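Colleague: predicted model and sequence below, questions to follow.
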Amino acid sequence: MLKHCLLILLFILVVLGCSQPKKHQRNQVKFTTYITPEGLKQFQLSQLLPTNKKQGSSHRGRGGNKGGGRNHNERPDRKKQKSNGEREQRLIQVVEEHIKETAYCHEGYSVSDQYVENGSMILNGLCHEKASKDDWLKFSQQ
């Protein structure tokens, strides 16, 4: 009897453990809207950056390279710039998806600021139009 109870308890724990969302999947993207008292429509999108468990370069030293480590150091920089550009492009795509889903900016938007903070890439923007009465009702209480 005790064996059956333990098996049932183990089964319940496994089911509960599998049904919980993983930490890295929760809150990866957050889209926040703000309407100023003057009617300016602002927004912020923050997206968690993927954690890179691999630290440092994949090169294992400078052995065999004459002329120092110049080429050794340039390659990771180019790769980093490319990945940052790809992240920025992906962030813009995510912003545009959220703006389309929410119908927040009807006449386009401008990016006012973009930066990385606390493991998240953050983009601040401003809609080209002022808030309508419908915008005030829909977005001012978020």
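Modeller: On my side now, so go ahead.

Colleague: tell me how many other residues crowd the nearest residue to residue 108 once chain neighbours are set aside.
Modeller: Nearest non-adjacent residue to residue 108, counting by Cβ to Cβ, 6 or more residues apart in numbering: residue 128, 4.7 Å away. Glycine gets a C-beta too; all of them are placed from N, C-alpha and C. Number of residues near residue 128 (other Cβ atoms under 10 Å) recorded here: 11.

Colleague: can you give me the buried ones in the strand ranked longest in the chain?
Modeller: Criterion DSSP state E: the longest strand present in the chain is strand 120-130. The neighbour-count check on strand 120-130 (16 or more other Cβ atoms under 10 Å) flags 120, 121, 122, 123, 124, 125, 127 as buried.

Colleague: between those residues, which is closest to residue 104?
Modeller: residue 127 (6.6 Å; Cβ to Cβ).

Colleague: pretty sure the closest one contacts residue 109?
Modeller: Yes. If you go by Cβ atoms under 8 Å, residue 127 and residue 109 touch, sitting 5.0 Å apart.

Colleague: hey, what's in contact with both of these two?
Modeller: Common neighbours of residue 127 and residue 109, using Cβ atoms under 8 Å, 6 or more residues apart in numbering, are residue 43.

Colleague: hmm, residue 99 is touching residue 109, no?
Modeller: Yes. Judged on Cβ under 8 Å, residue 99 makes contact with residue 109 at a distance of 6.7 Å.

Colleague: common neighbours of the two, please.
Modeller: The contact lists of residue 99 and residue 109 share residue 43, where a contact means Cβ under 8 Å, 6+ apart.
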